[in-house]
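# Sequence isn't available, so here's the structure alone:
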């Protein structure tokens, strides 16, 4: 069965990429999530702190992808819940994702981080419902919280549930890494040298 012109691979890819791109072009009164995230990670690096990441579901996968690249950049980066995750302290940063707002697990982890002196950056599409954050990075994307709302923008969405938010996180983190490469004075050979050879 052949593809019609409206659902060809190239057309769908363009539509999906445009939808994710729209997250970064919407006017907002919030600070840039790119600059906020870059500033927080660069500050943690400057003070010799570790960076921890946490998220649930597909958001958690995006956080793990960020953690991997931060390790490639030479930072002490850790996924919360891994058996080798060290304790958090006052020089450290926790970056957590809570796209639809409050998750009990995200709230609990952020509360523990703050009670131990860690700095907490939360990425979310629902900033009004965030607890325990020192800093919030607003990612203006559809999540599970508003997927079922009948408004024009939701009807036009190609992607279900939190896919737009999760895709936006991936793109945001690629931009973050791009900026950090120069801030941290890294080059491609140094970055590649930290990639695992156990695969």
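Okay, I see it. Since this is a predicted model, take the numbers as computed values, not measurements.
# which is the next helix or strand following the lowest-mean-pLDDT helix or strand in the chain?
The helix or strand of the chain with the lowest confidence, counting by mean pLDDT, DSSP states H and E, is helix 152-155 at a mean of 51. Sequence-wise, the next helix or strand downstream of helix 152-155 (DSSP states H and E) is helix 163-183.
# Name the residues of that next one that are buried.
163-169, 171-173, 175-177, 179-181 (16 or more other Cβ atoms under 10 Å). (Glycine included, C-beta is placed from N, CA and C.)
# So which elements touch the helix or strand just after that helix?
For helix 163-183, the following helix or strand on the C-terminal side (DSSP H and E) is helix 188-193. Here helix 188-193 touches no other helix or strand, going by 3 or more Cβ pairs under 8 Å, 6 or more residues apart in numbering; DSSP states H and E.
# any weak-confidence spans in this protein?
By pLDDT under 70, the weakly predicted segments of the chain are 1-6, 144-157, 160.
# ok, and the closest non-adjacent residue to the residue nearest the centre of it?
Centroid check for the chain by Cα atoms, centre = their mean gives residue 169 as the closest residue, at 4.3 Å. Distance criterion Cβ to Cβ, 6 or more residues apart in numbering; nearest residue to residue 169, sequence neighbours excluded, is residue 62 at 4.0 Å.
# and residue 163, how far is that from residue 190?
According to Cβ to Cβ, to the nearest Å, residue 163 and residue 190 sit 34 Å apart.
# What are the boundaries of the strands in the protein?
Listed in chain order, the strands of the chain (DSSP state E) span 51-54, 77-79, 93-97, 119-124, 135-138.
# Much appreciated, bye for now.
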